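In: Starting from these lines, generate the structure:
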Amino acid sequence: HPSELGTTSRERVKYHRDRFNFLDSKSGFFHYFIMGCSGSKQTDAAIGGSMIGGPDDEPMTNAEIESRIESSEKTHSVVLGGMKIRYAYLSQRGYYPDDPNKPNQDAFSITNNFCDQDTDAYFAVYDGHGRDGDKCAQFSKETLPKLVEKFVSRTKNKSKLHDGSAVNAELTKEQIQNSCHKAHVECNRAMHKAQYIEDSLSGTTAISAFIHGRRNRITVCNVGDSRAILGKRTGSKETSKGSSNLKAMPLSRDHTPYRRDERVRIKATGARILSLDQIEGLEPIRPDEDDGDDLELGEELDEGGDPPRVWSPHGEYPGTAFTRSLGDSIAEELGVIAEPEMLTREITPEDKIIVLASDGVFEFLTNQSVLDICAKFSDPLAACRAVVAESYELWLQYELRTDDITMICIFVDDVDTRSPSVRNLSAVSEELAPGAQEGAPADVEDPMLSCGGAKPVKTTLSKEKSRALQKMKDNMIKTEPELPVDQFDKNMFTEKTEEEKSRIAEAIRASVMFQNITDEQREMIYGFMEPISVKEGSWVIKQGTVGDRFYIVDNGKFEVRIVPDGEEDDGSGGNVVHIYEGSHEKHAHPSFGELALMYSAPRAASIIAKTDGSLWALHRYAFRQVLAQQSSRQELLATLKKIDMLKNLKSEVLDQLAAVMEEVTFGRGESITEQGSPGDAMYVIQKGSCEYLVRVEGRSHNEALKSGSFFGEEVLGKATKYTATVVALQTTSCFRLNRHTLNQISGEKRVSG
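Out: A predicted model of the protein is given here:
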């Protein structure tokens, strides 16, 4: 039983991680994996993968990234009654540093000629979780479509047309949804009985789209937190900032504790809904708020990847972050059911793109962002690659791992409401639902869903990623050789105009490498950015060479090219997998090469100028100077909080003081303060050492001061003269704070001592 494994949840996490090397973040329970995974290679893998770190913080190779991808070899075209569609799929296995061989727990299924109807098709995505999550997803992939066919066909047999044909009988919305509901429930029962699947703490989501081409209709069924969205054309033109004229419309709602109705239903079983921090007492348990609307719990509970979860009233299990799934027999007793929510609606000429995807896509991308990316491409396979690549890069930016990411993209090229298959339905409209009750409402489509209660998109680093990134930065400061300051000033520092600063600021705003920097550090970055003019055909980066610069595209187009592992470069740089385009008019300034700021590593791709253009480049040594400045200011702030006469100041005042204190350097043997001499400034030693000497009634007291020590603070209070003599024992750098600056920032005329 879980309660026997430690006194706290995190102790149990550590126990299971040490034993099994894996924590499943969705199910909340801890398992090991014994299965492998195979996937077809793709030469156009997400280039963002070069940023991921393994156990030794080394990037994955292109071959490792490519081997994780399974996708359509080409885009498929099909006519479904009055609809002409093109579709493609792509699934990318996630990366877990503690379990690099973890199998892909996502699955997908696409069935044409569904229910023996060439006008129908069935698309579905499954996202497994838990020890046997991959088995649960595969079981659903193989079982659910067949069960839907079974129950739809059975219903059709009860609704034969006058000619005795059951195949062409068209069902009502209610009949189709009832058939789909039965199929999901039956699939869940069958999974429980499957001898080769242990689904007590494993399961899968299921999002599906059943397209009925004879009526230009779609029925979406959802169990869990995978998602279906629709891109509906609006009358507006494409904007200059890259958004499309497609409006994202949800075709499903996530089943998570973020939704009020799901929380109410789950709590009715006696289950608890708490975050992991709340379980451990690190966060307060708030009053029951289920009388209100859907809550944006993510702002409070999901920071650092700690979402609300479902817990038994008797122990700390199962900890699921979803409220519906197939499988999960233990969670089922707590209301985590397999019954789908469904939506049936007509596909209109304004409906252009349909996307079904696992939650790995939507962890960091909004529905609208996904549609905007898709709308940039004329090929659904290219759209899949772009969305998965963007999702993958965002996972690497904010987390130490990546989730499995799976997506089906459907482009609706034409919807003909006048096609014979659609028109002829009017002749059999009275026979659509012979089993319907007298006076039943007309067969109308469902209203569009709202986005209320959706899981918030993450926009901050996870706690683990923050710690890992800081560790890398600290290690870089300690190990990188330092260049002379005058060499930086002479060769790297250049003044920038306000317009140039604005463009650089826009480019680095989204990068985690530049988060939490002060205004002073930002100015340093502006100054160290080196302007580079590039001619068409010039190589900026060559794949395999060691990089030492981070680049921002100020203007122009630059191709990203990759030579697949095992192949020789023919001089072209390999296959074009992406194009970076910078434009002042579009306010577009993409960047690349962040990894080179952290450590020396071979470049994962080549960058070649497609047009004449201009770049900004930041050298790793210059970035180190910024980090060192950031680190020393943080240490300074910690020191200020220890000084008696300053520690009671507001935190924002202390932050300002740490930012504005000037740096001064003293040579060996130089006196910084003299006992009895007037003064108006205190000092904090940044680097070096000093001797502290006090003479009282003929007796002397001395001690050594080192980095982090402070002195002279008495003159910031009532005293006007120093009480000790401090002499530099070597070249020493100090931060200095004078009384005028302190009073100006704190708003007080004098800080009392």
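
In: In contact with residue 220, which residues?
Out: Counting by C-beta atoms under 8 Å, 6 or more residues apart in numbering, residue 220 makes contact with 207-210, 228, 251-252, 342-344. To be clear about C-beta, it is placed using only N, CA and C from the backbone, and glycine gets the same treatment.

In: ok, now residue 332?
Out: residue 338.

In: I'd like the distance between it and residue 316.
Out: Remark: distance between residue 332 and residue 316 (C-beta to C-beta, to the nearest Å) = 18 Å.

In: what pairs with the biggest strand by length in the chain, and is each one parallel or antiparallel?
Out: Residue-count comparison of every strand in the chain, with assignments taken from DSSP state E, identifies strand 549-562 as the longest. Paired strands of strand 549-562, with direction, are strand 575-582 (antiparallel), strand 591-592 (antiparallel), strand 606-609 (antiparallel), strand 613-619 (antiparallel) (DSSP bridges).

In: what's next to the shortest one, contact-wise?
Out: It stands for strand 591-592. Residues from elsewhere that reach strand 591-592 (C-beta under 8 Å, 6+ apart): 507-508, 511, 541, 550-553, 560, 580, 607.

In: right, and the pair among these with maximum separation?
Out: Pairwise distances across these (C-beta to C-beta) peak at 19.6 Å, for the pair 508 and 560.

In: Out of the contacts of strand 591-592, the closest to residue 522 would be?
Out: Taking C-beta to C-beta as the measure, residue 508 is the one of these closest to residue 522, at 8.4 Å.

In: lowest-confidence helix or strand of the protein?
Out: The weakest-scoring helix or strand in the chain, judged by mean pLDDT, DSSP states H and E, is helix 9-20 (a mean of 36).

In: Buried ones in the longest helix seen in the chain, by neighbour count?
Out: Ranked by residue count and defined by DSSP state H, the top helix of the chain is helix 133-157. Applying a neighbour-count criterion of 16 or more other C-beta atoms under 10 Å, one finds 133-141, 143-145, 147-149, 151-152, 155-156 buried in helix 133-157.

In: Show the contacting residues for residue 190.
Out: Remark: with contacts taken as C-beta under 8 Å, 6+ apart, residue 190 is in contact with 139, 143.

In: Would you verify that it is located in a helix?
Out: Yes. Remark: residue 190 belongs to a helix, assigned using DSSP: H, G, I helix; E, B strand; the rest coil.

In: per-residue pLDDT, it?
Out: Reading off the confidence values, residue 190 has pLDDT 97.

In: And the strands in the stretch 351-500 of the chain, which stretches?
Out: In order along the chain, the stretch 351-500 of the chain carries the following strands (DSSP state E, counting those that start in this stretch): 351-357, 405-415.

In: Would you reformat the ones you listed as TSV and include mean neighbour count?
Out: Putting these into TSV (neighbours: other C-beta atoms under 10 Å) gives the following:
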stretch	mean neighbour count
strand 351-357	25
strand 405-415	24
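
In: out of these, nearest to residue 614?
Out: Go through the strands of the stretch 351-500 of the chain one by one with C-beta to C-beta and the one that ends up closest to residue 614 is strand 405-415, at 34.0 Å.

In: can you list the strands paired with strand 549-562 in a markdown table and add mean pLDDT and mean neighbour count?
Out: As requested, the strands paired with strand 549-562 are exported to a markdown table (pLDDT from 0 to 100; neighbours: other C-beta atoms under 10 Å):
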| stretch | mean pLDDT | mean neighbour count |
| --- | --- | --- |
| strand 575-582 | 81 | 18 |
| strand 591-592 | 84 | 22 |
| strand 606-609 | 92 | 22 |
| strand 613-619 | 91 | 22 |
